[in-house]
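Student: Structure for the following, please:
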Amino acid sequence: VQTLRLRFLSDAVGTGHTASARIVARAGARLLLLETHQGKGSAYVAHNKVEIDVARDAEVTRIVLIEEPEDAISVTNAEVRLEAGGRYRQTVVATGAKLQRIETQLSHGAEGADARLDGLYLLKGSRHADLTTVVDHRAADGTTSQLTKGVVHDTARGVFQGKIIVERGADGTDARMAHNALIASERGEIDAKPELIIYADDVQCAHGNTVGTLDESALFYMQQRGIPADEARALLVQAFLFEVIDRIEDEAAKEVVRVWMTARL
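Tutor: Numbering: from 1, shown residues only. Sure, this is the predicted structure:
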């Protein structure tokens, strides 16, 4: 497996900028893409675009960690083209900004191609994060699995928009999408819009969405066991979010994300 580090660094104050990158995984290749978006300035507007081509029987794992200033505006677009027999694995981890949107559009070549698009967001203060995905199944016998989880504190706002399209002729498609979120404050907000658009027959497709609060009975039990309330809440949030991280197949990448997220709980 080859590893590629892609780093977008915004060192700006009150200005706008854009950057783009294109990555091609040739037939049979195995690539681990470690992508970070970091901000050192303030009040900037950033637009980053990534194009990823996954050839026949190739496999790409994309890990995206995003941490920017609270007063920044940023948009990240990924266009992924997945050919027959290819495998694409994505995990996006966001901590929000004044306005932060992470969008993935995947053209699914099906015919045995397999995609996993996961995401999680942990938002505090007045931060905002929008995780948007569009998966277009264009041929038969393709699979997509998608799990997004989020937690908002204070007055933060989380947005999930997920759309899976199954085109005519894409029979045998198996596509699953789930979004689960927790509101850990009285003024936090979560908006979710999962969609399935199906034009083919003989498919297995499902989507689900839940938004709730921390389990008070679990909090009470943990406090009765001598765990302080703040620590108990952090442990419950960690357990909730780590289900997404545990789906990362590369053990080294999984540990990096675990450590990164634990430091921000």
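
Student: ok, residues contacting stretch 217-235?
Tutor: 184, 214, 236, 265 (C-beta atoms under 8 Å, 6 or more residues apart in numbering). Placement of C-beta: from N, CA and C, glycine included.

Student: so of these, which ones are in helices?
Tutor: residue 236 (DSSP state H).

Student: all helices for this protein, in order.
Tutor: With helices called from DSSP H, the chain shows them at 216-224, 229-245, 251-262.

Student: by how many degrees do the worst-scoring helix or strand of the chain on mean pLDDT and helix 229-245 diverge?
Tutor: Ranking every helix and strand in the chain by mean pLDDT, DSSP states H and E puts helix 216-224 at the bottom, with a mean of 79. Interaxial angle, helix 216-224 versus helix 229-245 (axes from the mean of the first three to the mean of the last three C-alpha atoms, to 10 degrees): 120 degrees.

Student: From here on, call the first residue 686.
Tutor: I'll keep to 686 as the first residue from here, and by that count the last item is helix 901-909.

Student: Can you point out the buried residues in stretch 730-750?
Tutor: Buried residues in stretch 730-750, counting neighbours by 16 or more other C-beta atoms under 10 Å, are found at 730-731, 733, 735, 737-750.

Student: what does stretch 784-804 give?
Tutor: 784-789, 791-804.

Student: can you pull out the strands in the stretch 786-935 of the chain?
Tutor: Under the criterion DSSP state E, counting those that start in this stretch, the stretch 786-935 of the chain contains strands at 799-808, 813-822, 828-837, 842-851, 859-868, 874-883, 889-897.

Student: Looking at these, which is nearest to residue 702?
Tutor: The minimum distance between residue 702 and those falls on strand 813-822, with 20.0 Å, by C-beta to C-beta.

Student: Turn the strands of the stretch 786-935 of the chain into CSV, columns for mean pLDDT and distance to residue 757.
Tutor: Shown next, in CSV, are those (pLDDT from 0 to 100; distance: least, C-beta to C-beta, whole Å):
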stretch, mean pLDDT, distance to residue 757
strand 799-808, 98, 14
strand 813-822, 98, 11
strand 828-837, 98, 18
strand 842-851, 98, 15
strand 859-868, 97, 23
strand 874-883, 97, 20
strand 889-897, 94, 26
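
Student: Next, the contact list for residue 945, please.
Tutor: Residue 945 touches 750, 778, counting by C-beta under 8 Å, 6+ apart.

Student: For it, give its distance to residue 910.
Tutor: Distance, residue 945 to residue 910, by C-beta to C-beta, to the nearest Å: 28 Å.

Student: Where does pLDDT dip in the protein?
Tutor: Applying pLDDT under 70 to the chain flags no residue at all.

Student: Bridged to the most centrally placed residue in it, which residues?
Tutor: With distances taken as C-alpha atoms, centre = their mean, the chain has residue 804 as the residue nearest its mean C-alpha position (2.2 Å). Going by DSSP bridges, residue 804 is paired in beta bridges with residue 777, residue 833.

Student: For the closest residue to residue 773 other than its chain neighbours, list each beta-bridge partner.
Tutor: Leaving out its chain neighbours, the residue that sits closest to residue 773 by C-beta to C-beta, 6 or more residues apart in numbering is residue 800, at 4.7 Å. Beta-bridge partners of residue 800, counted by DSSP bridges, are residue 773, residue 829.

Student: Hmm, residue 822 and residue 800 touching each other?
Tutor: No: counting by C-beta atoms under 8 Å, residue 822 is not a contact partner of residue 800; they are 9.2 Å apart.
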